[in-house]
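*Asks:* Predicted model and sequence below, questions to follow.
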Amino acid sequence: MVRQLLLYLVIITTVSINGFAHEASEVLHVETLAKSTKSWNGVALPSYPKGQPEVTILNITIPPHSKLVWHKHPVINAGVLLSGELSVISEKGETLELKKGESIVELVNTWHYGENRGDIPAQIMVFYAGTTDLPITVKKE
């Protein structure tokens, strides 16, 4: 289960009103969307691979009523569903139902697919932590 962590910081800015400096404060809100040592199905994440680190960030839009092909990720990745709804199904039949604003710590080296069963596009931003010599996704043939 994801633990919520909220952090509030006060930001002090100086504004000028009629030529006089005044301090104004704003609150910065930070929310942890995901923090885990396991993927969404409870399996422990693997160690990071050796090699030159490479971070990839993808913004993926899945059309309504469409299904992705079976695939797996050889690297750790996590994402946030920005709009719509998305079902993620593992090869064992485990299912995760994501709604807008929810996060996912994705399966690693496990065949799965995503399916948008809704009427609007599902947009998900995914962050991959890999190396330059590894693909981020492998499609099942």
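*Replies:* Structure's in. What do you need?
*Asks:* can you pull up the bridge partners for residue 67?
*Replies:* residue 115 (DSSP bridges).
*Asks:* The closest residue to residue 38 other than its chain neighbours: neighbour count?
*Replies:* What sits nearest to residue 38 in space, not counting adjacent residues and going by CB to CB, 6 or more residues apart in numbering, is residue 44, at 5.5 Å. Yep, even glycine has a C-beta here, placed from its N, CA and C like the rest. Around residue 44 there are 10 other residues, counting by other CB atoms under 10 Å.
*Asks:* now do the one 4 residues further on
*Replies:* Neighbouring residues of residue 48 were enumerated by other CB under 10 Å; the total is 12.
*Asks:* Would you mind giving me the confidence score for it?
*Replies:* Listed pLDDT for residue 48 reads 94.
*Asks:* Next: residue 30.
*Replies:* Model confidence at residue 30, given as pLDDT, is 87.
*Asks:* Count the neighbours of it for me.
*Replies:* 9.
*Asks:* same check, this time on residue 79
*Replies:* When neighbours are counted by other CB under 10 Å, residue 79 registers 23.
*Asks:* picking up where we left off before, let me know the distance separating the residue nearest to residue 38 from residue 110.
*Replies:* Separation of residue 44 from residue 110 (CB to CB, to the nearest Å) stands at 12 Å.
*Asks:* Fine by me, thanks again.
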